[in-house]
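[1] Fold the following.
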Amino acid sequence: MHWKLKVSGYGKIKSAEIEVRPLTLFVGDNNSGKSYLMSLLWGIQNFGVEGLLGRDIWKAKGTSIVADWIKKQALKAWRQGNHTVGVSEIADQLQSVLQEGLNYNKDKLVERIFNSRDVRLKELQIELIGLEKVFLDCVKQETGGVSIEINYEKGDRFFLPDSFLEKMDKPEDSVRDLVLTYTTFSLIMGIPVDEENGVVNRNIYFPAARTGFMLTKDIINKVGRNTVFNLVGTESREISPFTRPINQFLDVMNDLTLDGRGDDALIPIVEYLENGMAEGNIEISPLPNKEVSYVPSGQKKGLPLRVVSAVVTELSPLILILKYREYLDMLFYEEPEMCLHPQLQRKMGKVICQLVNAGVGMLITTHSDIILQYINNMISLSEREDAESICGQLGYTANDLLNRDQIKVYQLKSAPRRKTTVEELECGKNGFVIPTFNDALDRIMDEGYAIQE
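    A predicted model of the protein is given here:
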């Protein structure tokens, strides 16, 4: 990901500058804007370039310049076999087009995320970073046409057929320029071109209220069908929409099937969640309603989620997604410590680290000092010369360890009648220190000393 998000006047947030890493954490006060920031990043990742920049992007002065540059690189490869070029050649024009598109479209973007016009965003910027290290590889294919890919990405590319290339020297085509511009930003930013046209949704949002949604999703889906398909009757009433991240969560859970299959690399993590945390298996019924059930370890008969413990209902969506979702790039996870005993919070820290090392990005809001301390331990352990020996003693593997460069932590701090400030926390010798966590712990300890004297 070669970009940085900058916002100001966004809900309660005065300003923020966020760079997403494989593991990104938002910590801090309640009602400070953590979910707002995460929802915005989710929208950028999920709505695609067209949803981000809007269809008015063709009005931007640099759109044709960017498109012409891509045409030039493709034609070179078409004529000489292959061609590699640094994106830094066009960096200024890319940044200009990107910002113009955001200026046109930012209000629509926020309205779409929240299904509401009540959320305000004064300023939205996305800064493209590190483009001096980014190259386009353009290769003529034996079967015709040219493929174009970013050489640091895992197979992300787009293909220009001969019929497209043959028209490159013809008069300007604004539709073709728009397609090329969208696709270029898609490659560079690592986001889809257009959410609506067959793009597999690989970035899943886990809302804080996921347990409630898991217990009521069938009722919610029934109400939705009645609202959409049934004739309006005298007893009908207006239903306020959920935000788009919540709608996505409900859609994804409803679309899971026994035919789906998660990444084989995630199977050990699923087994750890089921055997080490849930103490049983989470399954989807083969019946049409696809009811989720819990099969306790050592038993054969499953139980519906409505009669099992909170820890099981809390873990069930994560287990199901990892089991049955074929493609998964990033999880946007609100408060993974929800309903978990401190011992299980430690285990959730292990799950987070292993998911990151398995290639699943994690963007998390959390109030758990235990999860943070676990992450700090894994950073410190990775930097020790005797890490392998200590891992052997404590039962860890390389899949548990984290490099400090994989992580960004941002603290949101608010006060009554004041805007939230967002601060990036530095990783010190022993990991990240979270002032808002430590302040609360210090205060309760001071009170304890005073009471016990």
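
[2] Look at the residue lying closest to Asn31 once chain neighbours are set aside and report its pLDDT.
    The shortest distance from Asn31 to any non-neighbouring residue, by Cβ to Cβ, 6 or more residues apart in numbering, is to Ser414 (6.9 Å). Any C-beta I mention is one placed from the backbone N, CA and C, and that applies to glycine too. We have a pLDDT of 86 for Ser414.

[3] Just give me how far the helix or strand hosting Ser414 sits from the chain centre.
    For Ser414, the element it lies in under DSSP states H and E is strand 407-415. Chain-centre distance of strand 407-415: 18 Å, with Cα atoms, centre = their mean, to the nearest Å.

[4] Next: stretch 121-131.
    17 Å.

[5] Then stretch 130-137?
    For stretch 130-137 - counting by Cα atoms, centre = their mean - the centre lies 23 Å from the chain centre.

[6] got the end-to-end distance for it?
    Terminal residues of stretch 130-137 are spaced 17 Å apart (Cα to Cα, to the nearest Å).

[7] again, but for stretch 252-271
    21 Å.

[8] Equivalent analysis for stretch 110-125, please.
    In stretch 110-125, first residue to last residue: 13 Å (Cα to Cα).

[9] Stretch 415-429 now?
    End-to-end distance for stretch 415-429, by Cα to Cα: 30 Å.

[10] residues of it that come out buried?
    Buried residues in stretch 415-429, counted by 16 or more other Cβ atoms under 10 Å: 419-422, 425, 427.

[11] Let me have the residues you listed in a markdown table, extended by pLDDT and distance to Gly359.
    Converted to a markdown table, those look like this (pLDDT from 0 to 100; distance: Cβ to Cβ, whole Å):
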| residue | pLDDT | distance to Gly359 |
| --- | --- | --- |
| Lys419 | 91 | 36 |
| Thr420 | 93 | 32 |
| Thr421 | 93 | 33 |
| Val422 | 95 | 27 |
| Leu425 | 95 | 25 |
| Cys427 | 94 | 22 |
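
[12] of the residues you listed, closest to Thr211?
    Within the buried residues of stretch 415-429, the smallest distance to Thr211 is 26.7 Å, found for Thr420 (Cβ to Cβ).

[13] okay, the buried residues of stretch 415-429 in TSV with secondary structure and distance to Glu132 next?
    Below are those laid out as TSV (DSSP: H, G, I helix; E, B strand; the rest coil; distance: Cβ to Cβ, whole Å):
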residue	secondary structure	distance to Glu132
Lys419	strand	35
Thr420	strand	33
Thr421	strand	31
Val422	strand	27
Leu425	strand	27
Cys427	strand	25
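
[14] Buried residues, the strand holding Ser414. List them.
    Along strand 407-415, these residues count as buried under the neighbour rule (16+ other Cβ under 10 Å): 407-414.

[15] same thing with stretch 257-277?
    262-263, 266, 269-270, 273-274, 277.

[16] Can you pull the phi/psi pair for Ile129?
    Per-residue torsions, Ile129: phi -130, psi 150 (degrees, to the nearest 10).

[17] Got the confidence number for it?
    90.

[18] ok, it - contacts?
    2-4, 19 (Cβ atoms under 8 Å, 6 or more residues apart in numbering).

[19] Low-confidence ranges, the protein, go.
    1, 151-176, 195-200, 218-240, 287-289, 453 (pLDDT under 70).

[20] longest single helix anywhere in it?
    helix 91-114 (DSSP state H).

[21] Which strands or helices does it pack on?
    In terms of contacts (3 or more Cβ pairs under 8 Å, 6 or more residues apart in numbering; DSSP states H and E), helix 91-114 is packed against helix 34-53, helix 63-80, strand 121-128, helix 174-189, helix 244-255.

[22] Can you tell me what sits against that helix?
    Residues contacting helix 91-114 (Cβ under 8 Å, 6+ apart): 39-40, 42-44, 47, 51-54, 56-57, 59-63, 65-66, 69, 87, 117, 119-121, 123-128, 131-132, 181, 184-185, 188, 243-245.

[23] Filter the residues you listed down to just the buried residues.
    Here, 16+ other Cβ under 10 Å leaves 39-40, 42-44, 47, 51-54, 57, 60, 62-63, 65-66, 69, 87, 119, 121, 124-126, 128, 131, 181, 184-185, 188, 243-245 buried among the contacts of helix 91-114.

[24] residue ranges of the helices in the stretch 251-400 of the chain, please?
    267-271, 310-324, 342-357, 369-382, 387-394 (DSSP state H, counting those that start in this stretch).

[25] Could you check how far the second one is from the centre of its chain?
    In this case it means helix 310-324. Its chain's C-alpha centre and that of helix 310-324 lie 18 Å apart, by Cα atoms, centre = their mean.

[26] hmm, who's touching that helix?
    204, 206, 210-211, 214-215, 249, 252-253, 256-258, 260-263, 266, 269-270, 273-274, 277-278, 280, 282, 284, 292, 294, 305, 328, 331, 338-341, 344, 351.

[27] one step back: between helix 342-357 and the strand holding Ser414, find me the angle.
    Strand 407-415 runs at 130 degrees relative to helix 342-357, counting by axes from the mean of the first three to the mean of the last three Cα atoms, to 10 degrees.

[28] mind listing what strand 407-415 pairs with, with the direction of each?
    Sheet neighbours of strand 407-415, with direction, are listed as strand 23-28 (parallel), strand 418-425 (antiparallel) (DSSP bridges).

[29] Restrict the longest one to CA atoms and write it as PDB.
    In PDB, the C-alpha atoms belonging to strand 418-425 read as follows (Å, rounded to 0.1, in the frame of the first residue of the first chain):
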ATOM      1  CA  ARG A 418     -13.400  19.400  22.300                       C
ATOM      2  CA  LYS A 419     -12.300  17.800  19.000                       C
ATOM      3  CA  THR A 420     -10.300  14.500  19.000                       C
ATOM      4  CA  THR A 421      -6.600  14.600  18.400                       C
ATOM      5  CA  VAL A 422      -4.900  11.700  16.600                       C
ATOM      6  CA  GLU A 423      -1.300  10.900  17.400                       C
ATOM      7  CA  GLU A 424       1.000   8.300  15.900                       C
ATOM      8  CA  LEU A 425       2.700   6.400  18.700                       C
END
